[in-house]
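Asker: structure of the sequence below:
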Amino acid sequence: MRPPGVWRAPAPEYSERFIQAERAPWMHRLLLSYYGDDLTGSTDTLEALVTNGVATVLFLRLPDDAQLARFGECRAVGLAGVSRSKSPAWMSEHLPAIFRRLKELGAPVCHYKVCSTFDSSPEAGSIGRALEIGQEVFGSPFIPVVVGVPLLGRYVLFGNLFARASGTVYRIDRHPTMRDHPVTPMTESDLRLHLGRQTRKRIGLVDILALGEGSAERLLATLVSEGVEVVVFDGLDESSLAEIGRLLWTRSLREPMFAVGSSGLDYALAAHWRASGSLPDRPEFPDPGPVDRLVVLSGSCSPVTGDQIRWALANGFAGVKVDPQQNPEIASRAARAALAAGRSVVLYTALGPQDRQAGGYGEELGERLGLLLRQLTGSTGVRRAVIAGGDTASHAGQQLGAYALTLLRPLEPGGPLCRLHSQDSACDGLQVVLKGGQVGSEDFFGVVRRGKR
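Answerer: The predicted model follows:
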């Protein structure tokens, strides 16, 4: 049976594979659709799904029927957005049509993907406003919120969010980066209180005790019957995620569900799908091999990315400091000269939070860096790149003429190597890693250059 709704027969080059997939007993429907509130978070979900055997395509703009058909073998469809940096007014104007399009695909679950640090505010990236719009479009009786991702060092206990940094786990309002985030500082760790600043909907909690002792399903039913419209789920380990996945998937088969969460939601669902025999074997990924030159563009102020840049500079990368107020052609000339000499290059705006310059960040900076990358790929033949920083990557990616991403190979959690599908011949097939500021080991840029750990 073909996927429901707007899907059509696949393009000829995919026909044989699509037919084979239809014959497989597990390939009977689309499992999930999702909208990522930034690009790096969207690739995080792409990685979580594909590594679990869920064939997935991530679109960078709303796909038409022909584009959907080209990836007709996929069981999950994503759309990378920019709402993390947008106002509630922008969301009210743009998200309803996007959510309606995703609803047309007919997947039991539509996931509004947010960062695992949950940084947002009533003025910028309001998760509260997004879930209100999602509930209106999907008619969901309640919105589950799943944020914990043990694989990434993100945990939710009794409603409070914790995140690991440099080997230490901090409550999010004491996290060395997130408490001082330049746009959406996290000053409250209780997700119920944090969300309560962004929506008037009643918010409840399914805590770790209920998940562990088998009473979560009863507690969830009680909360919904009492009129709770948003339910936060604790998440500490793989077993708690698996129980969340079971609860939510069972409910979604009775009525379509709109859910909010980090990639923890995807890992939770995948754990249940695998336990119930609904997925094929985990895929093996070919080695893409090393490249002689890598381009890194960073708009992140994170100390994690700062350490990665320092490692690169100490290991042969040419460094180009980008002044957000400066003519980008100056940085472009320096980068081209380094690449012509056979060196990898890292273009960066800051070496951590203390090095951050005033002004010129956000959308404008991302667009500038994206144009820089487009120029460099066109003029130097570089075929692998990294864009670091969630907001930066979202806006930079829009400058590459790309319409979709597929996963080539996992490298480190949250930072997979992807293939760019673009109508621009200079960018089509570009291998790219789009990573959040907090993602990756100190030598991560070396890992990307090699194509494997």
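Asker: for the stretch 301-450 of the chain, give me the ranges with low pLDDT.
Answerer: Along the stretch 301-450 of the chain, segments meeting pLDDT under 70 span 357-363.
Asker: please enumerate the strands of it.
Answerer: 318-321, 345-348, 384-388, 402-412, 415-422, 431-435 (DSSP state E, counting those that start in this stretch).
Asker: what's the longest one packed up against?
Answerer: Helices and strands touching strand 402-412, by 3 or more C-beta pairs under 8 Å, 6 or more residues apart in numbering; DSSP states H and E, are helix 39-50, strand 56-59, strand 415-422, strand 431-435, helix 444-450. The way it works is simple: take the backbone N, C-alpha and C, and place the C-beta from them, glycine included.
Asker: change it to 6 Å
Answerer: When contacts are defined as 3 or more C-beta pairs under 6 Å, 6 or more residues apart in numbering; DSSP states H and E, strand 402-412 packs onto helix 39-50, strand 56-59, strand 415-422.
Asker: and the fifth one, by the same measure?
Answerer: Using 3+ C-beta pairs under 6 Å, 6+ apart as the contact definition, the elements that strand 415-422 packs against are helix 39-50, strand 402-412, strand 431-435.
Asker: out of the helices and strands packed on strand 402-412, flag the one nearest Q325.
Answerer: With C-beta to C-beta as the criterion, Q325 lies closest to helix 39-50 of the helices and strands packed on strand 402-412, at 24.3 Å.
Asker: other SSEs contacting that closest one?
Answerer: In terms of contacts (3+ C-beta pairs under 6 Å, 6+ apart), helix 39-50 is packed against strand 56-59, strand 76-80, helix 263-275, helix 390-397, strand 402-412, strand 415-422, strand 431-435.
Asker: what strands line up against the first one, and which way round?
Answerer: Partner strands and pairing direction for strand 56-59 (DSSP bridges) are strand 76-80 (parallel), strand 402-412 (antiparallel).
Asker: and the contacts of it?
Answerer: Contact with strand 56-59 is made by 42, 46, 49-50, 71, 74, 76, 78-80, 404-406, as judged by C-beta atoms under 6 Å, 6 or more residues apart in numbering.
Asker: got the buried residues for that strand?
Answerer: Within strand 56-59, the residues that qualify as buried by neighbour count (16 or more other C-beta atoms under 10 Å) are T56, V57, L58, F59.
Asker: related to what we said a few turns ago, can the helices and strands packed on strand 402-412 go into TSV with extra columns for distance to F99?
Answerer: Below are the helices and strands packed on strand 402-412 laid out as TSV (distance: least, C-beta to C-beta, whole Å):
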stretch	distance to F99
helix 39-50	15
strand 56-59	14
strand 415-422	24
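Asker: look at V156 and give its secondary structure.
Answerer: strand (DSSP: H, G, I helix; E, B strand; the rest coil).
Asker: which residues touch it?
Answerer: By C-beta under 6 Å, 6+ apart, the neighbours of V156 are V147, G148, D234, G235.
Asker: which residues of the stretch 1-150 of the chain fall in strands?
Answerer: 32-36, 56-59, 76-80, 109-113, 143-146.
Asker: picking that back up, between the contacts of V156, which is closest to P256?
Answerer: Nearest member of those to P256, counting by C-beta to C-beta, is V147, at 21.5 Å.
Asker: isn't that closest one right up against S262?
Answerer: Yes: the pair V147 / S262 is scored as a contact, 5.1 Å apart, by C-beta atoms under 6 Å.
Asker: joint contacts of those two?
Answerer: What both V147 and S262 touch, as defined by C-beta under 6 Å, 6+ apart, is an empty set.
Asker: which parts of stretch 93-110 are buried?
Answerer: L95, I98, F99, R101, L102, K103, L105, A107, P108, V109, C110.
Asker: can you check stretch 430-445 too?
Answerer: Neighbour-count burial for stretch 430-445 [16+ other C-beta under 10 Å]: 430-441, 443-445.
Asker: could you do stretch 116-123 as well?
Answerer: Residues of stretch 116-123 classed as buried by neighbour count (16+ other C-beta under 10 Å): S116, T117, F118, D119, S120, S121.
Asker: which residue, neighbours along the chain excluded, lies closest to the residue of the chain most remote from its centre?
Answerer: No residue in the chain sits farther from the centre than A341, which is 34.3 Å out by C-alpha atoms, centre = their mean. Excluding its sequence neighbours, the residue lying closest to A341 (C-beta to C-beta, 6 or more residues apart in numbering) is A318, at 7.9 Å.
Asker: what's the most buried one of the strands of the stretch 301-450 of the chain?
Answerer: With neighbours defined as mean count of other C-beta atoms under 10 Å, these peak in mean count at strand 431-435, which reaches a mean of 28.
Asker: what is that strand packed up against?
Answerer: Secondary-structure packing of strand 431-435 (3+ C-beta pairs under 6 Å, 6+ apart): helix 39-50, strand 384-388, strand 415-422.
Asker: so which of those is nearest G204?
Answerer: The closest of the helices and strands packed on strand 431-435 to G204 is helix 39-50. By C-beta to C-beta, the value is 24.8 Å.
Asker: for the closest one, output the C-alpha coordinates as PDB.
Answerer: Output in PDB follows, covering the C-alpha atoms of helix 39-50 (Å, rounded to 0.1, in the frame of the first residue of the first chain):
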ATOM      1  CA  LEU A  39      18.500  23.400  10.700                       C
ATOM      2  CA  THR A  40      20.900  21.700  13.100                       C
ATOM      3  CA  GLY A  41      18.100  20.400  15.200                       C
ATOM      4  CA  SER A  42      16.500  19.000  12.100                       C
ATOM      5  CA  THR A  43      19.600  17.000  11.100                       C
ATOM      6  CA  ASP A  44      19.700  15.700  14.700                       C
ATOM      7  CA  THR A  45      16.300  14.200  14.200                       C
ATOM      8  CA  LEU A  46      17.400  12.900  10.700                       C
ATOM      9  CA  GLU A  47      20.300  11.100  12.400                       C
ATOM     10  CA  ALA A  48      18.100   9.700  15.200                       C
ATOM     11  CA  LEU A  49      15.700   8.200  12.700                       C
ATOM     12  CA  VAL A  50      18.000   6.900  10.000                       C
END
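Asker: can you lay out the helices and strands packed on strand 415-422 as JSON lines showing distance to G167?
Answerer: Output for the helices and strands packed on strand 415-422, formatted as JSON lines (distance: least, C-beta to C-beta, whole Å):
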{"stretch": "helix 39-50", "distance to G167": "21"}
{"stretch": "strand 402-412", "distance to G167": "15"}
{"stretch": "strand 431-435", "distance to G167": "19"}
